[in-house]
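*Asks:* Here is my input; please provide its structure:
(one chain, ligands or ions: 1)
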Amino acid sequence: MAEILVFDNFEMTIIRSARRKTAAIKVDLDGASVRVPQDLSASRIRELVAEKTHWIEQKLAVAEQKRRDLALQNQRNAALGNGSLIPVQGRDLVLELHQTVAVAIAENAGKLVLQAPRDLLGDADQLRALIEQWLFRLAVQELNFCINVYKQKVGVMPTAVQIKDYRARWGSCKPDGSVQLNWRLIHAPMHIMDYVVIHELCHLLEMNHSKRFWLEVQRVDPQYRVNRKWLKDNGWRLTL
Ligand SMILES: [Zn+2]
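*Replies:* Have a look, this model is predicted:
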């Protein structure tokens, strides 16, 4: 059985190892644990952990929030159907399903109305694919619109704009002057999409993250620090 030390606000799992020379604390979605050398005494471990109490509690709070968000997201994913909320440009569209012979999908007064044959309506994967297709087309429109607005403000002319399906990035740009953007930005509030577009366009002026680069970003998006942090904190959530 795992050895557990109880502290004021949390419990810590002790993992002993003959090969370890030093102690290492870890906090993740499963909780807090510390890996220690085989013979380290419990009182010494208590001392080590006590020094890091503040850091551990902060990390645990973040992990707890993430766990709750993930549970919520899983619930939402599993139950994609009538009444599901589809995040689109900072709003939540309510999914409304109707049984018909032909497939059609359209936004109408805060709703995303999807019409399809019965077998399709009962298939969550196909439903998701349909909705993502619609979102992708909207993303292409909106991102191109954004590029047109901000290329003038930044003062650059991208050679090409590609809207892609990335798992781990929001945008990129290449030395050939082309800009790539993640279609999932359509899930984010508009000013976040703006920020990413501005960020990538500014790379056409400065191919780095130097002070000069950030000054260019700030010139067009004075709120860029807040937007950047929002994306860092919430970006992983931007999916259906
Ligand atoms: Zn960058």
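
*Asks:* Help me confirm that Gly110 comes into contact with Val94.
*Replies:* Yes - with contact defined as Cβ atoms under 8 Å, Gly110 reaches Val94; the gap is 6.5 Å. All C-beta spots, glycine's among them, are computed from the backbone N, C-alpha and C.

*Asks:* who's more crowded, these two?
*Replies:* Between Gly110 and Val94, counted using other Cβ atoms under 10 Å, Val94 has the larger neighbour count: 14 against 9.

*Asks:* Could you give the number of residues near the closest residue to the more buried one other than its chain neighbours?
*Replies:* Leaving aside its chain neighbours, Val94 sits nearest to Lys111 (5.0 Å; criterion: Cβ to Cβ, 6 or more residues apart in numbering). By other Cβ under 10 Å, 13 other residues sit near Lys111.

*Asks:* following the top helix by length along the chain, which helix or strand comes up?
*Replies:* Secondary structure of the chain read by DSSP state H shows that its longest helix is helix 124-154. Note on helix 124-154: by DSSP states H and E, the next helix or strand toward the C-terminus is strand 160-164.

*Asks:* Now that next one: buried residues?
*Replies:* Using 16 or more other Cβ atoms under 10 Å as the test for burial, strand 160-164 gives Val161, Ile163.

*Asks:* Run me through the strand neighbours of the strand ranked longest in the chain, direction for each.
*Replies:* Longest strand of the chain, by residue count under DSSP state E: strand 91-99. Paired neighbours of strand 91-99 in the sheet (DSSP bridges): strand 85-88 (antiparallel), strand 111-116 (parallel).

*Asks:* now the shortest one: mean pLDDT?
*Replies:* Mean per-residue pLDDT for strand 85-88: 92.
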